[in-house]
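Student: got a sequence here, can you model it:
(one chain, ligands or ions: 1)
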Amino acid sequence: MSPKKDVKKESSGKVDKVIDKLSRSLGDDKLSTKRADLLSYSHDYWPIYLHWILKDKYPSLPDAVAWPESKEQVKDIVRWCYRGKVPIYPYGGGSGVLGAAVPESGGIVVDLKRMRSLNISEEDLLVEAESGLNGYYLEDSLNEEGYTMGNIPQSLYPSTVGGWVGTKALGQFSTKYGGIEDMLKGIEVVVPPGRSIELKPHPRTSTGPDLRKLFAGAEGTMGIMTKGWFKIWPEPQKRIKISYASESLEDAVRSIRDVMRRGAEPAVIRIYDSIETKRHFYEYEDIYGKIATVLVIEGDEKIAKAESEVVREEFIGEEKGEEPVDHWLETRFNVKEAPQFVPMGVVFDTIEVAVKWSDAMDLYHNVVESIRPIKGVLFASAHASHFYPQGICFYFTFAGIPPRRKDAEEFYQEAWMEAMNAVLKSNGTISHHHGIGRQRRDWMYGELGEAYNLLKEIKDRVDKRGIMNPGNMGL
Ligand SMILES: Cc1cc2nc3c(=O)[nH]c(=O)nc-3n(C[C@H](O)[C@H](O)[C@H](O)COP(=O)(O)OP(=O)(O)OC[C@H]3O[C@@H](n4cnc5c(N)ncnc54)[C@H](O)[C@@H]3O)c2cc1C
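Tutor: Now for the predicted structure:
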């Protein structure tokens, strides 16, 4: 990580004054400069950061942490930070995996979790949610009333609505319900120098370019989202679970492409390559060594049944019943690798990307083959977890132990560089749903070209003093 030293230098003289103003306007219980808080908020879930912490390295301490409870308080924070030119880092659950919430230039981390109200509009199939609302709490509250938002990321428990919009997240059931940007119907954001803007929820609008989209995926670089309005659905009447064992990844991928072409939209589709099939389905003898696919089809009973018929007509492979799907449903939130393996010196990460059908298999092979030859790599594998009529998301995992004379970060960055270059060479997009953060920023220009310069100009206009999450996404 290369901290933006210029921002830090300019801000540091004034940061104490801004902290003083804020502790008076917010109250002491909403602002902290305690070391324990600064350490806790110095990172998110970026895997390389875990290695630094274990070596007692904290390259990015903020100067203070704030916990606003209202839009007015958020406006106050932005106003004072703008005046003092002090960096601000919006913070939801801190479950981002790319260092997007890491306060690399010092300043104030703004944790939104105390802003967590929710209001369901049954007639309009909308939910209004403040940005700090926890994902699990939101979905659970909707389920109690007979609804779902259908956004179930693996990080449902630790993430927030503001983080979902910030990173353009999506969940395990996305092939039916879409990503958060499809659900986002309205948004309220505080932008520098401290004004609030509201884009109201409508079924659709053609009142100019859709500014909601400017904030979806902006990762805290354009403003602080305080509230959003999201599309919801009645809870599904029917759930159908199907699994397959196929002889080749190509067969399984082609089958799903044909299912999607016919307009069926199973909520969950996951195809595991042979390494991941062995890892996740080792208890199932007749799947082990093959390519596992699990599907969950849900919704209105008649529509779900029709979709399951389409799947059965198109799929190339042997049907294996509900059990592997139940196994996936039961284990889908288990994340034990980081605490288990990082202390043993294992470096790992996941890299999710998307690509059109015509380049899909090339991209898969190019990425795994670019990581595997790196000295120290134990494995590089993938599953495909989100699908569109136009293409597919591959979710790669790599793990390894750095060889002698290479430290964890060098090894980690080498794997990332190989993977990102292979994705660009294969006509893919470098991120499907985790976003950019600080880990992927060096490849933004490679994918966006001149459009990246336009994005920088927009950012400079919205955030004239460069206080909103400076350095994130390279902005
Ligand atoms: C085990 C695990 C599983 C995961 N599974 C998934 C998955 O299935 N799908 C998926 O999409 N992601 C997944 N992620 C990644 C992560 O959970 C998502 O990126 C999530 O959306 C981050 O939400 P958060 O509230 O934790 O945000 P944070 O990590 O706190 O912040 C993420 C970014 O959003 C910005 N931000 C946060 N709140 C606001 C706000 N109110 N206004 C403006 N900007 C804001 C931050 O500044 C930062 O740039 C996973 C992560 C882990 C650790």
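
Student: ok, which residues in the stretch 201-350 of the chain are in contact with the ligand?
Tutor: For the stretch 201-350 of the chain, the residues in contact with the ligand (Cβ under 6 Å from any ligand atom) are Glu219, Gly220, Ile224, Met225, Val335. To be clear about C-beta, it is placed using only N, CA and C from the backbone, and glycine gets the same treatment.

Student: just the ones of those in strands?
Tutor: Ile224, Met225 (DSSP state E).

Student: now the residues of the stretch 201-350 of the chain next to the ligand in CSV, with pLDDT, neighbour count and distance to Tyr452?
Tutor: Shown next, in CSV, are these (pLDDT from 0 to 100; neighbours: other Cβ atoms under 10 Å; distance: Cβ to Cβ, whole Å):
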residue, pLDDT, neighbour count, distance to Tyr452
Glu219, 98, 27, 14
Gly220, 98, 25, 18
Ile224, 98, 30, 23
Met225, 98, 30, 23
Val335, 84, 13, 32
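
Student: out of the residues of the stretch 201-350 of the chain next to the ligand, flag the one nearest to Val268.
Tutor: Checking those against Val268 by Cβ to Cβ gives Val335 as the nearest, at 17.9 Å.

Student: for the closest one, which non-adjacent residue is closest in space?
Tutor: Gln154 (7.0 Å; Cβ to Cβ, 6 or more residues apart in numbering).

Student: pLDDT score for the one you found?
Tutor: According to the prediction, Gln154 has pLDDT 96.

Student: and the helices in the stretch 1-150 of the chain?
Tutor: 5-26, 35-40, 47-54, 71-84, 135-144 (DSSP state H, counting those that start in this stretch).

Student: can you map out the helices along the stretch 351-475 of the chain?
Tutor: 360-371, 408-425, 444-448, 450-462.

Student: how many other residues sit next to Gly92?
Tutor: 28 (other Cβ atoms under 10 Å).

Student: phi, psi of the residue in the stretch 251-400 of the chain that the ligand sits nearest to?
Tutor: Proximity to the ligand, evaluated over the stretch 251-400 of the chain using Cβ to the nearest ligand atom, is greatest for Val335 at 4.1 Å. Here is the backbone geometry of Val335 (degrees, to the nearest 10): phi -130, psi 90.

Student: please apply the same query to Gly150.
Tutor: Phi and psi for Gly150, reported as degrees, to the nearest 10, are phi 80, psi 10.

Student: that one and Pro201: what is the separation?
Tutor: 17 Å (Cβ to Cβ, to the nearest Å).

Student: wait, isn't Val190 in contact with Glu72?
Tutor: No - using Cβ atoms under 8 Å as the test, Val190 is too far from Glu72 to be in contact (9.6 Å).

Student: the more surrounded of the two?
Tutor: Val190 (25 against 12).

Student: what are the phi and psi angles of the more buried one?
Tutor: Backbone torsions of Val190, given as degrees, to the nearest 10, read phi -100, psi 120.

Student: so for Gly150, what's the nearest residue that isn't a sequence neighbour?
Tutor: Per Cβ to Cβ, 6+ apart, closest to Gly150 is Tyr177, 2.9 Å.

Student: could you measure the one you found against Glu298, distance?
Tutor: Taken as Cβ to Cβ, the span from Tyr177 to Glu298 is 10 Å.

Student: overlap in contacts, these two.
Tutor: Contact criterion Cβ atoms under 8 Å, 6 or more residues apart in numbering; residues bridging Tyr177 and Glu298 by contacting each: Ala267.

Student: which positions in the stretch 351-475 of the chain make contact with the ligand?
Tutor: His433, His434, Asn469, Asn472.

Student: flag the shaky bits of the protein, pLDDT-wise.
Tutor: 1-13 (pLDDT under 70).

Student: domains in it, by residue range?
Tutor: By the assignment in automatic domain parsing, the chain contains the domains 5-113+456-474, 118-234, 238-331, 337-434.

Student: closest to Gly446 out of these?
Tutor: That would be domain 337-434 among the domains of the chain, by Cβ to Cβ, at 5.2 Å.

Student: how distant is the closest one from the center of its chain?
Tutor: Remark: domain 337-434 is offset 16 Å from the chain centroid, using Cα atoms, centre = their mean, to the nearest Å.

Student: so how far is the first residue of it from its last?
Tutor: 18 Å (Cα to Cα, to the nearest Å).

Student: what count of nearby residues applies to Lys375?
Tutor: 12.

Student: that one - nearest residue in space that isn't next to it in sequence?
Tutor: Going by Cβ to Cβ, 6+ apart, Lys375 has Pro403 as its nearest residue, at 4.7 Å.
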